[in-house]
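Engineer: Sequence unavailable; structure follows:
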C-alpha cells in the first residue's frame, strides 16, 4: 500500500535573471503561470497535502493561485532549497512520502513522476543530457549506486564531465528526510543549504538511493531567464500540438499554433498556421479556422468557416456561418446558423439570426438582427449616447442600405427597407421604405482652393459658400 503523498513545491525564488518585476513563478507559460502548471501536475497525483513554499512576492503569488487547495508556507529568508523544504516539513506527518517539485520546472508530467512515489527509499528524478552545464551531477560509486549530487559550482573537472544530471525533483519518506535535512551544512560555494546534500546524508547512513531517468529530458528543463522561458513555451506548444493531432485535429502548420487554454473539436476540424486558441475553445465537426485567426473562449459549431485574421472573443458562431476575413467578434456575439459577418465588421453583444448578413465595414453593437436581414456596407448601430448603451432591434428580412446610422434605441420592422445614407432616429415601420438624406446639388464653376482656374469656365448664378462646401 502506497504511503500518503505530501507534495512540496519550491516557489520562493526571486528570479533575478528574468529581469522582471514579476516573481519567477508568475511568469506566463502557454497562458498560465509557471506555478499553475506545476500545481496542475501535483494535483493530478491525488496527494493528501500540497505545500507551496513562497518568499519573494509572496502576496502576489498566493493571490494569483487562490483557487488552488494548497497550504502556503513562507520562507522568510532564501537560504537554499534544503531550507525551503525544512520550512514545510513541520506540517507533514512522518508516515507520508514527500515529493519535492520546483515551481520553475513546469513541463514534467504526472506519468514521469509516478515512479518516484513507489517504495520507501530516497528516489531522484535524473536526466541524461548532451550539455549538462548548470546542473548538479549525479555521482555514482563503483557499483553504480548514487552516492552524491555535486552542484556545478562545487564540482571538479571530472565531475563536470558527467552527463547524468539532477533535475531537482525527488521523493523520500518524511521521517528520514526530516533527519537528513536537519544535518545539512551551508559550507559550499553558495553558502546555502542544498536539498541535494540529503543524498550524501542518506548514503552515509547506508540508506538506499535510487535515480529514475526521465525518458524525455525536455520535461525537466528549468526556467531561469527569458530565453529559457521562450524555450519552455515552444516545447509546451509542440507537445500540445502533437497531442491535438493524435486526437484528430488537423493542424496545417503545427509548429505555428499557439494554444493558451483547452480546445475540444469534432471530426475533420482544421486549423491553419499562426492561429491563437485561448481559454476554452470548442470547434465542431468540419470547422475551418483560417490563418492568423484568434479565438478566445469561443464555440464554433459544425461546418462554420472562420476566414483569416478574424478575432473572436467570448462568441458563439453557429453551424454553417462564415466570418471574416479581418472581422472582430467581441464579447456577447451570437451568430445563428448560416449567418455571415464579413471583412472589417465589428460586433459586440450582437445576435444575428439565421442567414443574417453584415458583409462589409460595419459596426453592430448591442443589437439583435433578425433572420435573413441584410446590413449594407458602412452600417453603424449608434449604441452609446455618452452615458448609457442602448439597443437596436432589426426585424427579419429587413434591408439596411449602405452608409446608414441606426441611432439607438430604435427598432427596424420586419421586411423594412432603409435607404442608403439614412440616419434613423425613430422606429422604422415594417414593409415600408424609410429614407432620410440631404438633397445633393451641383455648383458649376466652383474654384477649388489651390488649383489653377480652367480656361473658359463660367460662374453659376449662385455664389459658393466661403468654406467651399455646398449645403442645403
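Structural biologist: Here it is on my side, so go on. Bear in mind the structure is a predicted one, so any value in this text is a computation, not a measurement.

Engineer: Just name the shakiest helix or strand of the chain by mean pLDDT.
Structural biologist: Every helix and strand of the chain was ranked by mean pLDDT, DSSP states H and E. The lowest is strand 146-150, at a mean of 87.

Engineer: in its sheet, what does that one sit against?
Structural biologist: Sheet pairing of strand 146-150 (DSSP bridges) gives strand 137-140 (antiparallel).

Engineer: ok so, going back, following element in sequence after the least confident helix or strand of the chain, please.
Structural biologist: Once the chain leaves strand 146-150, the next helix or strand it forms, by DSSP states H and E, is helix 157-160.

Engineer: Which positions in that next one come out as buried?
Structural biologist: Using 16 or more other CB atoms under 10 Å as the test for burial, helix 157-160 gives residue 159. (Each C-beta comes from the backbone N, C-alpha and C, glycine too.)

Engineer: What is it packed up against?
Structural biologist: Helices and strands touching helix 157-160, by 3 or more CB pairs under 8 Å, 6 or more residues apart in numbering; DSSP states H and E, are strand 137-140.

Engineer: List the contacts of the least confident helix or strand of the chain.
Structural biologist: 124, 136-141, 159, 166, 194, 196-197, 199-200, 203, 209-211 (CB atoms under 8 Å, 6 or more residues apart in numbering).

Engineer: What is the lengthiest strand in the chain packed up against?
Structural biologist: Across the chain, the longest stretch assigned as strand under DSSP state E is strand 164-173. Contacts defined by 3+ CB pairs under 8 Å, 6+ apart place strand 164-173 against strand 97-102, strand 122-128, strand 137-140, helix 198-205.

Engineer: Tell me the gap between the first one and the middle of its chain.
Structural biologist: Same thing as strand 97-102. Here the centre of strand 97-102 is set off from its chain's centre by 27 Å, with CA atoms, centre = their mean, to the nearest Å.

Engineer: what do you get for the longest one?
Structural biologist: When C-alpha coordinates are averaged (CA atoms, centre = their mean), helix 198-205 and its chain have centres 43 Å apart.

Engineer: what comes up buried for that helix?
Structural biologist: 198-203.

Engineer: can you pull the buried residues of the helix or strand just after that helix?
Structural biologist: Next along the chain after helix 198-205, taking DSSP H and E as the criterion, comes strand 209-213. Using 16+ other CB under 10 Å as the test for burial, strand 209-213 gives 209-212.

Engineer: Now render these as CSV, adding pLDDT and distance to residue 380.
Structural biologist: Below are the buried residues of strand 209-213 laid out as CSV (pLDDT from 0 to 100; distance: CB to CB, whole Å):
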residue, pLDDT, distance to residue 380
209, 90, 72
210, 90, 69
211, 91, 67
212, 92, 64
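
Engineer: Which segments of this protein make up each domain?
Structural biologist: For the chain, automatic domain parsing gives the domain ranges 5-220, 240-434.

Engineer: What mean pLDDT does the shortest one get?
Structural biologist: What it means is domain 240-434. For domain 240-434, the mean pLDDT works out to 98.

Engineer: Likewise for stretch 104-113?
Structural biologist: Stretch 104-113 carries an average pLDDT of 97.

Engineer: First-to-last residue distance for it?
Structural biologist: Terminal residues of stretch 104-113 are spaced 16 Å apart (CA to CA, to the nearest Å).

Engineer: Buried residues, stretch 252-271. List them.
Structural biologist: Those would be 254, 256-261, 263, 265-266, 269, 271, for stretch 252-271 by 16+ other CB under 10 Å.

Engineer: next one: stretch 85-105
Structural biologist: Neighbour-count burial for stretch 85-105, counted by 16+ other CB under 10 Å, picks out 85-89, 92, 96-105.

Engineer: Repeat that for stretch 436-449.
Structural biologist: For stretch 436-449, a neighbour-count test (16+ other CB under 10 Å) marks residue 446 as buried.
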